[in-house]
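Participant: Mind looking at a prediction? Sequence and model below.
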Amino acid sequence: MMNALDHAIVAYWRQPDPRRLLDVFITQPLAEDWRAENVLTVPVFLSHLLDADPSLGAILVDGVRGGDPVKVEIVAQALNYSHIPARTRLMEKLVGEAAAASMDADGADFAALSPTHPVHVDMLWVSFFATGLTSYLDRITGLLDGWLPENQLQDLLSRAATQPDIQAQALAGLLAKAAQMTLTAHGQDCLPVRAALERRAAAMDGLGAALAARIAAIL
């Protein structure tokens, strides 16, 4: 179930309005519909907005400072991921000198993210929603190459903790499953998703291409 912020993020690529998005984030209470994944994915989305318009940083910090600690943490992480000139000063204003001093020096590069957990697939999605760059969708469709039948995937996952030699295959299958589910969900009303699936299918180079064609056909 998506909350108001989820809906605003998913729709953002169609008509970017950063001030409205920030208003939704700042004013929405953390109610029962707030998902745990928001804590990990919203900072990624906000960091892209900050990189596109560094002046938003002061609005975010002033909007959450002294308020809900979860929102403060999300904004702090967004600043840490970002590349804006004032990131250290804003972090100090938000959570203090110690946190500012421990920031990652170079921010984050989500275009180069190598997923090692299903939530990283969600990070690629919010990167697309924030920027409209279809290269993120191509990264997601590329994960389909690791697809496995459900019974085989579950068997590998049950043995992966004690058998290191199958961990890479199990992870690839898990990421492919996340990619398949999210491509199917978002592809219903997002033409760039369908186009990305068609690009992957056109390669005709194996299981990933075949699965991309299958997903595209049912959208």
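Facilitator: Happy to help now that I have it. Numbering: from 1, shown residues only.

Participant: Now name the helix or strand holding residue 107.
Facilitator: Assessed by DSSP states H and E, residue 107 sits outside every helix and strand.

Participant: where does the nearest residue to it once chain neighbours are set aside land in three-state SS?
Facilitator: Nearest non-adjacent residue to residue 107, counting by C-beta to C-beta, 6 or more residues apart in numbering: residue 83, 4.3 Å away. For the C-beta atoms, the positions are set from N, CA and C on the backbone; glycine is no exception. Under DSSP: H, G, I helix; E, B strand; the rest coil, the three-state class of residue 83 is coil.

Participant: Give the buried residues for the lengthiest helix in the chain.
Facilitator: Secondary structure of the chain per DSSP state H: the longest helix is helix 167-187. Burial within helix 167-187, assessed by neighbour count using 16 or more other C-beta atoms under 10 Å, is assigned to 170-180, 182-183, 186-187.

Participant: which residues are contacting the next helix or strand after that helix?
Facilitator: Using DSSP H and E, the next helix or strand after helix 167-187 towards the C-terminus is helix 191-202. Residues outside helix 191-202 that contact it (C-beta atoms under 8 Å, 6 or more residues apart in numbering): 13, 128, 132, 134, 137-138, 140-142, 144, 183, 186-187, 208-210, 212-213, 215-216, 219.

Participant: all helices of the chain, in order?
Facilitator: Ranges of helices in the chain, per DSSP H, are 4-11, 18-27, 38-52, 56-64, 69-81, 87-95, 97-101, 118-131, 135-142, 150-160, 167-187, 191-202, 207-218.

Participant: Quick one: closest of those to residue 109.
Facilitator: helix 69-81 (9.3 Å; C-beta to C-beta).

Participant: just checking, residue 83 touches residue 109?
Facilitator: No. In this structure, residue 83 is not within contact of residue 109 by C-beta atoms under 8 Å, at 9.1 Å.

Participant: Not including adjacent chain positions, what is the nearest residue to residue 211?
Facilitator: Closest to residue 211 by C-beta to C-beta, 6+ apart is residue 144, at 4.7 Å.

Participant: what's the one you found in contact with, if anything?
Facilitator: Contacts for residue 144 (C-beta under 8 Å, 6+ apart) come out as 176, 179-180, 183, 200, 207-208, 211-212.

Participant: okay, now the residue nearest to residue 8 when sequence neighbours are not counted: neighbour count?
Facilitator: Counting by C-beta to C-beta, 6+ apart, residue 24 is the residue found nearest to residue 8 once chain neighbours are left out, at 4.7 Å. Look at residue 24: counted by other C-beta atoms under 10 Å, it has 16 neighbours.

Participant: One more: residue 12?
Facilitator: Look at residue 12: counted by other C-beta under 10 Å, it has 22 neighbours.

Participant: Kindly report the same for the one 3 residues further on.
Facilitator: Burial of residue 15, expressed as a neighbour count using other C-beta under 10 Å, amounts to 7.

Participant: what's the spacing between it and residue 43?
Facilitator: 22 Å (C-beta to C-beta, to the nearest Å).

Participant: just residue 21 next, same as before
Facilitator: 14 Å.
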